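Engineer: how does the following fold in three dimensions:
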Amino acid sequence: MIRLPNVHTKFKVRSATFRFYLGDSLDVLSRMPPRSVNVIVTSPPYNLGIRYRTYDDTMPRARYLEWTSRWVKLAAQTLGEDGSLFLNVGGKPTDPWTALDVAQAARPFLTLQNTIHWIKSIAIEKALAGARANLDDDLAVGHYKPINSRRFVHDCHEFVFHFSASGETPIDRQAIGVRYQDQSNVGRWRTAASGVRCRGNTWFIPYETIQSREKDRPHPATFPPKLPEMCLRLHGLERARLVADPFLGLGSTAVACAELGVNFIGVEMDEDYLEQAIDRTRSALPPSTLHPERAKRVERVHPEGAKRIEKVRRARAR
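Structural biologist: Here you go, the predicted structure:
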C-alpha cells in the first residue's frame with residue numbers, strides 16, 4: 001500500500017485541515033489516492049531561467065516538457081471526475097511559446113475547458129470607457145515589469161489554463177460575477193436576476209504594492225491569493241472539499257484556502273519557502289484561531305512549531 005510521505009506540518013482550524021509536505025511534487029503526487037482531490041491551483045516553474053533558491057529553472061525545453069507531462073499525468077489521476085486543474089503559466093517576450101507548450105503537454109491527460117487571462121496591469125482611456133465609467137481622466141492601474149526594448153511591448157498578463165477530465169465540469173460563473181453597469185438588464189433578462197453577469201476570461205488582479213521585494217515577496221514567481229480564491233469560487237466552493245498545490249512557493253493557494261475554510265494539501269521542495277508559506281497561511285486565519293488557548297489544537301511536526309505559532313500570534317496582536 002502506497003502512503004504519503006511524513007507530513008512536515010499539519011494543523012486543523014474549525015472544519016478545515018491543512019497539510020504541508022517538504023519534498024518533490026512528483027513523489028507526493030504519485031502517492032496520493034486516485035480521485036481524492038477536487039481542485040488543484042498551481043504555478044509550476046516556467047523554465048525561463050528564474051532564479052529560485054534551490055531549483056534549476058534552465059532545463060532543456062524537451063526535458064522540461066517531459067517533466068511537465070509527468071506531473072500533469074499524476075495530477076490528473078488525483079482529480080475527481082468533476083475536478084479542476086487551474087494551471088498558471090507565465091512567459092517572456094523572447095520565449096513566447098512557453099505557456100502554449102505547457103498547455104499542449106497537458107493535452108493527453110486533461111481537457112482544456114477554459115483559458116483565463118490574468119491581467120496584472122491595464123490602461124483605460126477615458127474616452128473609450130464611456131460616460132457610465134465616470135472617469136475624470138485616463139486610468140492606468142496595476143503593476144508590471146518594464147521592458148526596455150525596440151521589439152517588445154510590456155508583458156502585463158499571464159495565462160491560467162482551466163483543465164478538467166472531460167471539459168464538462170460544472171462551474172459557478174456568478175460566484176465571481178460582476179454587477180451590470182446598466183441595472184435595467186436585471187429586469188430585461190431572466191439570467192440577470194442575480195444582478196451580476198459572468199466575469200468572462202479576463203481577470204484583473206494586481207499585485208499588492210510592496211516596499212522591498214526581498215522582504216515582502218522573496219519568491220521570484222508567485223501570484224496574489226486573490227487569483228486562487230477566484231479559481232476556487234469559479235469551480236464552486238461547495239464542491240471544493242480538498243484543494244492541492246504541488247508547487248506551493250510562498251503559499252498563495254494555501255492562504256486562499258485559509259480564508260475560505262477549505263481543506264488543503266501543499267508541496268514545496270524548498271524548506272525556506274515552505275516555512276514562509278506556512279506562516280502566511282497562519283496569518284490569513286481568523287484571529288480567534290491563533291489564541292494561545294487554542295494553540296494546543298494545532299499539530300506542528302517541525303520542532304520550531306511552537307515558536308512560529310507565538311510569532312504569528314504576536315504579529316497579529318500589534
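Engineer: SS state for residue 243?
Structural biologist: Residue 243 carries the three-state label strand when classified by DSSP: H, G, I helix; E, B strand; the rest coil.
Engineer: ok, what's across the strand from it?
Structural biologist: In this structure, residue 243 bridges to residue 39, residue 264 when assessed by DSSP bridges.
Engineer: verify the stated contact: it with residue 37.
Structural biologist: Yes: with contact defined as C-beta atoms under 8 Å, residue 243 counts as touching residue 37 (7.3 Å). Glycine gets a C-beta too; all of them are placed from N, C-alpha and C.
Engineer: quick check: neighbours shared by the two?
Structural biologist: When contacts are counted by C-beta atoms under 8 Å, 6 or more residues apart in numbering, residue 243 and residue 37 have residue 265 as shared neighbours.
Engineer: hmm, who's touching the one helix or strand residue 259 maps to?
Structural biologist: With elements delineated by DSSP states H and E, residue 259 resides in helix 252-260, which encompasses its position. Contacts with helix 252-260, where a contact means C-beta under 8 Å, 6+ apart, come from 13, 16, 18, 20, 41-42, 222-229, 232, 237, 240, 243, 245, 248, 262-264, 266, 277-278, 280-282, 284-285.
Engineer: so which of the residues you listed sit within helices?
Structural biologist: When the contacts of helix 252-260 are checked against helices (DSSP state H), the matches are 226, 227, 228, 229, 232, 277, 278, 280, 281, 282, 284.
Engineer: okay if I get these as CSV plus neighbour count?
Structural biologist: Shown next, in CSV, are the ones in helices among the contacts of helix 252-260 (neighbours: other C-beta atoms under 10 Å):
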residue, neighbour count
226, 18
227, 23
228, 28
229, 22
232, 27
277, 26
278, 25
280, 17
281, 29
282, 26
284, 17
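Engineer: determine the number of other residues adjacent to the nearest residue to residue 46 once chain neighbours are set aside.
Structural biologist: With C-beta to C-beta, 6 or more residues apart in numbering as the measure, residue 90 is the residue that lies nearest to residue 46, at 5.3 Å, once sequence neighbours are left out. In terms of burial, residue 90 registers 19 neighbours under the definition other C-beta atoms under 10 Å.
Engineer: same question, residue 286
Structural biologist: Neighbours around residue 286, by other C-beta under 10 Å: 12.
Engineer: gap between it and residue 277?
Structural biologist: Relative to residue 277, residue 286 is positioned 19 Å away (C-beta to C-beta, to the nearest Å).
Engineer: with residue 285 instead?
Structural biologist: Distance, residue 285 to residue 277, using C-beta to C-beta: 13 Å.
Engineer: dump the residue contacts of residue 197.
Structural biologist: Contact criterion C-beta under 8 Å, 6+ apart gives 177, 178, 179, 180, 185 as the residues in contact with residue 197.
Engineer: go ahead and confirm the first one touches residue 171.
Structural biologist: It stands for residue 177. No: proximity of residue 177 to residue 171 does not meet the contact threshold set by C-beta under 8 Å, at 11.5 Å.
Engineer: strands along the stretch 101-250 of the chain, start to end?
Structural biologist: 111-119, 121-124, 139-142, 157-164, 178-179, 196-197, 202-204, 242-245 (DSSP state E, counting those that start in this stretch).
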